[in-house]
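Peer 1: My questions are about this predicted structure, shown below with the sequence.
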Amino acid sequence: MSRRRQIYEGKAKILYEGPEPGTIIQYFKDDATAFNAQKKGTIQGKGVINNRISEYVFTRLSHIGIPTHFIKRLNMREQLVRQVEIVPIEVLVRNVAAGSLSKRLGIPEGEPLPHTLIQYCFKDDALGDPLISEEEIACFGWATNEEMQDISSMAIRINDFLSGMFAAVNIRLIDFKLEFGRLWDGDYNRIILADEISPDGCRLWDMTTGEKLDKDRFRRDLGGEEEAYQEVARRLGLLDSDNGPSEVLDLSAHRKLRGK
Ligand code: TMP
């Protein structure tokens, strides 16, 4: 394998310099963290599945006109994306009360919200990604008002689309996290969707049974996280269930390749 310059290693991904200027390779790891990395573990095969799910979701979103950083999937664990300047804000979109919202405000998990709620957190691990207001975002210049308009309207469109996409496979989209980036073109920039969309950053419940099909299985020690991620991929048609595991999930082959 050719030597590549590593740009950044995060909790679930590694970023390498891409083949062309302005491109980056996102490598999806199996590492899983929760509670600001106080809890650490691995979810076997997660990187392979998240790479594939995120490719699928970003491609579908681009078809409805959402600009994204995704260019193409390169292999089982890597995708080529556009280099952006990440806006230091995590955008949380919620349809149903769960997680930190339930804990903070005492609203029972599973209670549908009167309307979709968008919240913002400041991306800063040392501070534990605190919840922030739009006034604070403007005050400290983390994003302009114009950028926040673009971000919030894209978040709503993405939520509408993903809620329908998951409902079609009997999954309820409870909440999810988005990240956006600035794509520079000379002195100008525009906001595009970046990072990933996968069961790592979404709450996905089976519509009939309420079973959790996302990273809460890991966060809450419920077990069965590998199977849950695979189930999401299978329902989205990304797993060739008739012909055994497809390239996407041929983990034994992948481990052999890595000499494990
Ligand atoms: P929360 O209930 O813990 O605030 O999470 C809301 C949603 O955002 C949930 O689907 C998980 C996702 N999320 C991340 O992807 N990364 C994070 O660091 C946090 C706090 C949440």
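Peer 2: Here it is on my side, so go on.

Peer 1: So stretch 105-113, near the ligand or not?
Peer 2: No - Stretch 105-113 does not reach the ligand (CB under 6 Å from any ligand atom); its nearest approach is 9.6 Å. C-betas here are computed from N, CA, C, even on glycine.

Peer 1: in a strand, that's where Phe58 is, yeah?
Peer 2: No - Phe58 sits outside any strand when classified using DSSP: H, G, I helix; E, B strand; the rest coil, being helix.

Peer 1: so how far is the ligand from it?
Peer 2: 16 Å (CB to the nearest ligand atom, to the nearest Å).

Peer 1: I'd like to know how many residues surround the closest residue to that residue other than its chain neighbours.
Peer 2: Spatial nearest neighbour of Phe58, chain neighbours left out: Phe70 (3.8 Å); criterion: CB to CB, 6 or more residues apart in numbering. By other CB atoms under 10 Å, 23 other residues sit near Phe70.

Peer 1: Is Phe70 bridged to anything, and to what?
Peer 2: Beta-bridge pairing for Phe70 (DSSP bridges): Val81.

Peer 1: was I right about it contacting Val57?
Peer 2: No - using CB atoms under 8 Å, Phe70 is not in contact with Val57; the gap is 9.0 Å.

Peer 1: Closest approach to the ligand from this structure, which residue is it?
Peer 2: The chain approaches the ligand most closely through Gly99 (2.2 Å), counting by CB to the nearest ligand atom.

Peer 1: Low-confidence regions, this structure specifically.
Peer 2: 1-2, 241-260 (pLDDT under 70).

Peer 1: What parts of it come near the ligand?
Peer 2: Counting by CB under 6 Å from any ligand atom, the chain sits next to the ligand at 92, 98-101, 129, 175-177, 201-203.

Peer 1: Pull out the CA atoms of stretch 124-138 and give them to me as PDB.
Peer 2: Extracted in PDB, the C-alpha atoms of stretch 124-138 (Å, rounded to 0.1, in the frame of the first residue of the first chain):
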ATOM      1  CA  ASP A 124     -15.000  20.500  21.800                       C
ATOM      2  CA  ASP A 125     -14.100  17.200  23.500                       C
ATOM      3  CA  ALA A 126     -12.300  18.900  26.400                       C
ATOM      4  CA  LEU A 127     -15.600  20.700  27.200                       C
ATOM      5  CA  GLY A 128     -17.700  17.600  26.500                       C
ATOM      6  CA  ASP A 129     -19.400  19.100  23.500                       C
ATOM      7  CA  PRO A 130     -21.700  21.400  25.500                       C
ATOM      8  CA  LEU A 131     -25.200  22.400  24.200                       C
ATOM      9  CA  ILE A 132     -25.000  26.000  22.800                       C
ATOM     10  CA  SER A 133     -27.600  28.600  21.700                       C
ATOM     11  CA  GLU A 134     -27.800  30.300  18.300                       C
ATOM     12  CA  GLU A 135     -26.900  33.500  20.200                       C
ATOM     13  CA  GLU A 136     -23.700  32.000  21.400                       C
ATOM     14  CA  ILE A 137     -22.900  30.700  17.900                       C
ATOM     15  CA  ALA A 138     -23.300  34.200  16.500                       C
END
